[in-house]
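# Let's see this in three dimensions:
(one chain, ligands or ions: 1)
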Amino acid sequence: MRVVRTIEELRTARAGLGALAFVPTMGNLHAGHLALVRLARQRAPRVAASIFVNRLQFAPHEDFEHYPRTFEADCAALEAEGVDLVFAPDEGVLYPEPQSFLVEPPPIANQLEGQFRPRFFHGVATVVLKLLNCVQPRIAVFGKKDYQQLHIVRGMVRQFDLPVEIVAAETVREPDGLALSSRNSYLSAAERAEAPRLHRLLCAVRDGRETATGALAALGAAGWTVDYLELRRQSDLAPPQAGDRDLVVLAAARLGATRLIDNVELQLG
Ligand code: PAF
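Take a look at the predicted model:
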């Protein structure tokens, strides 16, 4: 496995690799990321990953400085999964000057996550565009855990005619249902025990045992601070209209200082 730090090194290393599947990450890899890598390996002869904590997608009060950085362990895990190439640029490589050209995502980016993390998707879309330009993969794999991110990346790739296929990977969960996330490491033991409630309630909404409003209230009663818990259409993340069948219930809520997001798809009828 080759680890490259600069765009020049990347272009040279990439040239010999042919068709690539790519997994962009911010590091601190867990089994969820490795599932993305495994899916990537099924879809292309060679796999590249990136490790880059993207300041542009963090608000000033968010955890950019404290975001867990575990580079050596990440590289060992990627190597064990058979990754061919890791692009791990320093900030000065991807942002040698202030990034004044930004991707302007559509208005859906200001709802759900975007309502609580203004300009988050500007930062995500901008870095994903840059990474795709640098790595030039045939396929890029994104997790459904970040459902709105996947939707926005798909839209960007479609509207900018980027020559890459976006592949979605299912969310990987702990046995008790908690979606794997780098931020789970912030949870205290008591919070970790409480955290699976989020997925349980999303499943209750999916199965018709609970309404979205009821699930939101139940989280509040259990001590969570809920940003949103909403049913949306899978196709465009708009609020569902009569007759819509393919829906997704998405939520973000804080347990103590840790903000967790999750979603569950459902089909009506
Ligand atoms: O999902 C993530 O880890 C990040 O948002 C991504 C896609 C690597 C962009 O920084």
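# who's in contact with the closest residue to G82 other than its chain neighbours?
Excluding the flanking residues, the one nearest G82 by CB to CB, 6 or more residues apart in numbering is R41, at 6.2 Å. Every C-beta, even on glycine, is put in place using the N, C-alpha and C of the backbone. Residues in contact with R41, defined by CB atoms under 8 Å, 6 or more residues apart in numbering, are 21, 47, 81-82.
# And the average pLDDT for the helix or strand containing A35 is what?
Per DSSP states H and E, A35 falls inside helix 31-43. For helix 31-43, the mean pLDDT works out to 98.
# Distance from the chain centre to it, please.
From the chain centre to the centre of helix 31-43 is a distance of 14 Å (CA atoms, centre = their mean, to the nearest Å).
# Do a quick rundown of the strands in the stretch 1-150 of the chain.
Assigned strands in the stretch 1-150 of the chain, in chain order: 2-4, 20-25, 46-51, 85-87, 139-143 (criterion: DSSP state E, counting those that start in this stretch).
# Give me the neighbour count for the residue of the stretch 51-200 of the chain found nearest the ligand.
Of all residues in the stretch 51-200 of the chain, the one sitting closest to the ligand is N54 (4.0 Å; CB to the nearest ligand atom). N54 has 21 neighbouring residues, counting by other CB atoms under 10 Å.
# Same question for Y228.
By other CB under 10 Å, neighbour count at Y228 equals 17.
# repeat for D236
10.
# isn't there a helix covering it?
No: counting by DSSP: H, G, I helix; E, B strand; the rest coil, D236 is located in no helix; its state is coil.
# center of this structure - which residue?
D146 (3.9 Å; CA atoms, centre = their mean).
# Let me know the pLDDT of the residue nearest to it when sequence neighbours are not counted.
Residue nearest to D146 in three dimensions, not counting chain neighbours: I261, with 7.3 Å by CB to CB, 6+ apart. Listed pLDDT for I261 reads 98.
# these two touch, right, I51 and M26?
Yes: shown here, I51 and M26 form a contact pair, counting by CB atoms under 8 Å, at 7.2 Å.
# So for those two, which sits in the more crowded spot?
Each of I51 and M26 has its neighbours counted (other CB under 10 Å); I51 has more, 23 against 19.
# check contacts around that one.
Neighbours of I51 in contact, by CB under 8 Å, 6+ apart: 25-27, 71, 74-75, 86-88.
# What separation do you get for the closest residue to A35 other than its chain neighbours and L36?
Setting aside the residues directly before and after it, A35 is nearest to V172 in space (CB to CB, 6+ apart), at 4.9 Å. Separation of V172 from L36 (CB to CB, to the nearest Å) stands at 9 Å.
# Name the residues contacting each of these two.
G143.
# So the two - more neighbours on which side?
L36 (27 against 18).
# from memory Q115 sits against E230, does it?
No: assessed by CB under 8 Å, Q115 is found out of contact with E230, at 10.3 Å.
# So between these two, which is more surrounded?
E230 (19 against 13).
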